[in-house]
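Asker: could you look at this predicted model? Sequence included:
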Amino acid sequence: MKAIVDHSLCEGHAKCMEQAPDVFDVRDDDLSHVLMDDIPEEQRAKVERAAHICPRAAITLED
Amino acid sequence: MVATSDPLTLQNLDITTTDLYVEQGYPWQAWDLLRKEAPVFWYQRPRFEPFWAITKWEDVSHISRHPELFSNTQLLRMNDSESIAIGERGRERSANRYGGSPSDPPDFIFMDPPQHRAHRGLVSKHFTPRMMKTLEDHFEEMSENYVSHFADVVVQQMADKGEDGVVDVVHELSAKLPVAAICEMGGVPQEDWEQIFHWTETLVGASDPEFRLPGETREQTTVRNRNEWNDYNETLIANRKAEGLGDDLLRTLLQAEVDDRELTPREISSYFTLLLSAGNETTRNSITGGIKALLDNPEQLEWLVSEPDMIPSAVEEILRWTSVVIQFQRTAMEDVELRGQTIRKGESVVMWYPSANRDEDIFDDPYKFDIGRDPNDHFAFGGYGEHFCLGANLARWEMRSIFHALLPVLPKLQLVSEPELVPGNLHVGGIKRMMVRAGA
């Protein structure tokens, strides 16, 4: 699974990082960065939840 | 008129008469019925342009995630025909004062992407969690001061007047931190905060005779208020340009560039007004409503007092429970199917956030106030997407620090009367007054 953060929407609310800190990192640029190209299966539930609750709906997932 | 004995039906339910909100509170039963029987409902009533009433969480979510299908550029806050006409004349006056056209967006909420992203993005860095963390200690300190003042007033009133020693939570506590925080962020000098509070209160309360001068109509109050605010705004900006820019929201607006141009005076003024009023009105009501919710649910208050680490979770539940913003409106950009209904291009949809926040498909036991609720994916800040509340983090941090400071005080308070709602506002469920006194 891949995660893509739309940086024209992301405002650094950091909800994704709270859910899946191994996958999302919100940096000093107030943007969430995806830390891995290929997200392991055991992270799936957390990452799906992160996409679901992103306040700006900025995260899309691809299988 | 519907007699109280008539059963509630889709034909007679009423979610748009503001007097009913004041008399009976939010129309929870009508929203429950809509969610159950007609979640995408063509609502037609006298004095209102018909609209699709959207009452379920999933549908509010869908609309919020698709600004390309549901536009903000036309009608934004559903209102009766008279209020809409007043709003249109306001746009004309604004164009006369600042130039531009009455059809220009009044502020950036009235924009769609990509324009919306460019304009909102100018100020969004002031509202990130990272920014709020830098203000955390300061908010804590201010909250301690405001709560300690409030507690003193409550105790003094009780000492002076006994049982009659009642205190208004709204003016003695809830209003203070939101005004102070947003004014500080905006660069408004402290001696003007009281005045700013009064203007934002009147901005949403012009339908209420209490906020009018003798003999004024609602529209005259609105116009006077707007003129006074715009005059103040222009003076503040002129002073700032003369004396140095500081380091705050106003500086950001004055230095902002979008599409290779500076912001127009109208944009600067309207964005500043938007941030100050939105930062003021809503959080104040959530604080007041949260105090009521905790006093009404003593077992939840006891839990919170024994586990202060629950404050962030309690704040989320207060936000869901109070649902201060009632609705926003969108216009369909093409024909859209939703739950078997066809919303035609050009038709209006209105998203009822308090209803989404009681959706039984999303929230277990939605009418239980539960500070431990998890998950709690409420839409108190709107649906997730393009227009999610810019100030959500500010509101959260303010509420956390106020309730933290309030913990030792709350168990000693007693609610004297139900909150008195601001009449005539279908957009924000404003609380005008809520009286408490020192309890047993």
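Answerer: Thanks, I have it.
Asker: what parts of chain A come near chain B?
Answerer: Contact residues, chain A versus chain B (CB under 8 Å from any CB of the partner chain): A:8-9, A:11-14, A:26, A:28, A:30, A:52-57. Where C-beta positions appear, they are placed from N, C-alpha and C, glycine not excepted.
Asker: buried subset of the residues you listed?
Answerer: Buried residues within the residues of chain A next to chain B, counting neighbours by 16 or more other CB atoms under 10 Å in any protein chain shown: A:9, A:11-14, A:26, A:30, A:52-57.
Asker: got CSV for those, with pLDDT, secondary structure and distance to residue B:308 too?
Answerer: Formatted as CSV, those follow (pLDDT from 0 to 100; DSSP: H, G, I helix; E, B strand; the rest coil; distance: CB to CB, whole Å):
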residue, pLDDT, secondary structure, distance to residue B:308
A:9, 96, coil, 34
A:11, 95, coil, 29
A:12, 94, coil, 27
A:13, 94, coil, 24
A:14, 94, coil, 22
A:26, 96, strand, 26
A:30, 94, coil, 29
A:52, 97, helix, 29
A:53, 97, helix, 25
A:54, 98, coil, 28
A:55, 98, coil, 25
A:56, 97, coil, 30
A:57, 97, coil, 32
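Asker: report the two of those residues separated the most.
Answerer: Spanning the widest gap among those are A:30 and A:52, at 21.3 Å by CB to CB.
Asker: so what's the closest residue to residue B:169 other than its chain neighbours up against?
Answerer: Distances taken as CB to CB, 6 or more residues apart in numbering or on different chains put residue B:434 closest to residue B:169, at 4.7 Å, once the chain neighbours are dropped. Residues in contact with residue B:434 (CB atoms under 8 Å, 6 or more residues apart in numbering or on different chains) are B:168-170, B:288, B:291-292, B:415, B:417-420.
Asker: any idea how far residue B:335 is from residue B:434?
Answerer: 45 Å (CB to CB, to the nearest Å).
Asker: sketch out the low-pLDDT regions of chain A for me.
Answerer: Along chain A, the model assigns pLDDT under 70 to no residue.
Asker: just the strands in it please.
Answerer: Assigned by DSSP state E, the strands in chain A fall at A:2-5, A:24-26, A:32-34, A:59-62.
Asker: turn these into TSV, columns for distance to residue B:319.
Answerer: Output for these, formatted as TSV (distance: least, CB to CB, whole Å):
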stretch	distance to residue B:319
strand A:2-5	25
strand A:24-26	22
strand A:32-34	23
strand A:59-62	22
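Asker: between the ones you listed, which one is nearest to residue B:299?
Answerer: For residue B:299, the closest of the strands of chain A is strand A:24-26, at 36.4 Å, according to CB to CB.
Asker: can you list contacts of the closest one?
Answerer: The contact list for strand A:24-26 (CB under 8 Å, 6+ apart) reads A:3, A:5, A:12, A:14, A:16-17, A:32-35, A:50, B:130.
Asker: ok, and for the helix or strand bottoming out on mean pLDDT in chain B, which residues are buried?
Answerer: Every helix and strand in chain B was compared by mean pLDDT, DSSP states H and E; the lowest is helix B:193-205, with a mean of 85. Buried residues in helix B:193-205, counted by 16+ other CB under 10 Å: B:193, B:196-197, B:199-205.
Asker: just stretch B:18-27 next, same as before
Answerer: Buried residues in stretch B:18-27, counted by 16+ other CB under 10 Å: B:18, B:21-22, B:26-27.
Asker: tell me which residues are up against it.
Answerer: If you take CB under 8 Å, 6+ apart as the criterion, stretch B:18-27 is touched by B:13-15, B:207, B:323, B:326, B:354, B:421, B:423-426, B:429.
Asker: buried members of those into ChimeraX, please.
Answerer: Per 16+ other CB under 10 Å, the buried members of the contacts of stretch B:18-27 correspond to this ChimeraX selection:
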select /B:13,15,207,323,326,354,421,423,424,425,426,429
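Asker: mind checking which of the contacts of stretch B:18-27 are in strands?
Answerer: Judged by DSSP E, these include residue B:421 as members of strands.
Asker: so which of the contacts of stretch B:18-27 sits lowest on pLDDT?
Answerer: Minimum pLDDT for the contacts of stretch B:18-27 is recorded at residue B:207 (80).
Asker: now do the phi/psi pair for residue B:243.
Answerer: Main-chain torsions, residue B:243, degrees, to the nearest 10: phi -100, psi 0.
Asker: leaving out chain neighbours, which residue sits closest to residue B:377?
Answerer: In this structure, residue B:377 finds its nearest non-sequential neighbour in residue A:53, 5.8 Å apart by CB to CB, 6+ apart.
Asker: can I assume the one you found is in contact with residue B:379?
Answerer: No: with contacts counted by CB atoms under 8 Å, residue A:53 stays clear of residue B:379, the gap being 11.4 Å.
Asker: which residue is the nearest non-sequential neighbour of residue 6?
Answerer: If you meant another chain, say so; for now it's chain A. Residue A:6 sits nearest to residue A:58 (CB to CB, 6+ apart), 4.6 Å away.
Asker: chain B, not that one
Answerer: The shortest distance from residue B:6 to any non-neighbouring residue, by CB to CB, 6+ apart, is to residue B:12 (6.3 Å).
Asker: now the one you found: how far from chain A?
Answerer: Distance of residue B:12 to chain A, computed by CB to the nearest CB, to the nearest Å: 37 Å.
Asker: what is the burial count for that residue?
Answerer: Look at residue B:12: counted by other CB atoms under 10 Å in any protein chain shown, it has 12 neighbours.
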